[in-house]
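Enquirer: Just the structure for this:
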Amino acid sequence: MQKEIKKFWQGKVSLGVSFWVWYIIGGGVLSLPFWIIPDAALNQVGWAAFLTAYFIFMLVAIIFLMMGVWRSAEEYKKIKRKKKQGAGWGMAAQVYIVLSVIRIVLGLVQLVASV
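Expert: So this is what the prediction gives:
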């Protein structure tokens with residue numbers, strides 16, 4: 001498992017696996033606690049502490065996933081350029097990552113403003 005994580009971090013995983021399996025599915029699984037734990041749990045000290053710690057963990061994990069996908073997209077673009085082919089999927093993945101970062105930052109700003 002550690003070998004696979006290292007390959008992902010280095011961008012040595014194919015763009016399709018990197019984006020769809022690691023980022024979309026893996027990131028979706030990471031967000032499950034926020035969907036299944038009811039909002040009422042936020043009023044309980046134990047759950048609020050757990051969700052705060054988990055949120056920090058998830059934020060670090062999402063940044064890790066974004067970096068791996070970004071590097072895979074760079075590798076994909078290099079390979080396609082060498083073959084003199086279009087690298088649109090690599091660019092699309094990177095645009096998606098940038099838009100995701102913007103969405104996360106705006107969500108955090110909204111969260112902080114509502115507190």
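Enquirer: list the contacts for F19?
Expert: Counting by C-beta atoms under 8 Å, 6 or more residues apart in numbering, F19 touches V69, S72, A73, A93, Y96. All C-beta spots, glycine's among them, are computed from the backbone N, C-alpha and C.
Enquirer: any idea which residue sits dead centre in the protein?
Expert: For the chain, the residue sitting closest to the mean C-alpha position, by C-alpha atoms, centre = their mean, is I62 at 3.5 Å.
Enquirer: Without its sequence neighbours, what residue ends up closest to that residue?
Expert: Leaving aside its chain neighbours, I62 sits nearest to G27 (6.0 Å; criterion: C-beta to C-beta, 6 or more residues apart in numbering).
Enquirer: on contacts alone, who are the packing partners of the host helix or strand of that neighbour?
Expert: When elements are assigned from DSSP states H and E, G27 belongs to helix 27-36. Judged by 3 or more C-beta pairs under 8 Å, 6 or more residues apart in numbering; DSSP states H and E, helix 27-36 is in contact with helix 45-82.
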